[in-house]
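*Asks:* below is the sequence, then the predicted model.
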Amino acid sequence: MTYYEVPPEYGAREYRYTVVNGRTVLVEPRTHRIVEIVE
């Protein structure tokens, strides 16, 4: 799975994002846990 940097204007620098089953999710990169599904 590929993680991408969150753009600075969203203010979530400690997280990364990826797409799972067509949905964008925020991921904690150290634990690989999904922290939020972006609607």
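*Replies:* That came through fine. Everything numeric in this text was worked out from a predicted model, so none of it was measured.
*Asks:* going forward, measure contacts between C-alpha atoms and count neighbours the same way
*Replies:* OK.
*Asks:* neighbours of residue 39, how many?
*Replies:* The number of residues packed near residue 39 is 6, by other CA atoms under 10 Å.
*Asks:* same check on residue 17?
*Replies:* 23.
*Asks:* I figured it hits residue 33, correct?
*Replies:* No: applying CA atoms under 8 Å as the test, residue 17 and residue 33 come out as separate, 10.9 Å apart.
*Asks:* which neighbours do those two have in common?
*Replies:* Overlap of the contact sets of residue 17 and residue 33 (by CA atoms under 8 Å, 6 or more residues apart in numbering) consists of residue 27.
*Asks:* residues near residue 36, how many?
*Replies:* Residue 36, neighbours per other CA under 10 Å, totals 12.
*Asks:* oh sorry, the question was meant for residue 35
*Replies:* Residues lying near residue 35 (other CA under 10 Å) number 13.
*Asks:* list the contacts for it?
*Replies:* Shown in contact with residue 35 (CA under 8 Å, 6+ apart): 25, 26, 27, 28.
*Asks:* do the same with residue 24
*Replies:* Residue 24 neighbours (CA under 8 Å, 6+ apart): 17, 18, 37, 38, 39.
*Asks:* go with 10 Å
*Replies:* Residue 24 makes contact with 17, 18, 36, 37, 38, 39, according to CA atoms under 10 Å, 6 or more residues apart in numbering.
*Asks:* residue 1 too?
*Replies:* Per CA under 10 Å, 6+ apart, neighbours of residue 1: 18, 19, 20.
*Asks:* please report how far it lies from residue 17.
*Replies:* 10 Å (CA to CA, to the nearest Å).
*Asks:* kindly report the same for residue 38.
*Replies:* For residue 38 relative to residue 17 (CA to CA), the value is 9 Å.
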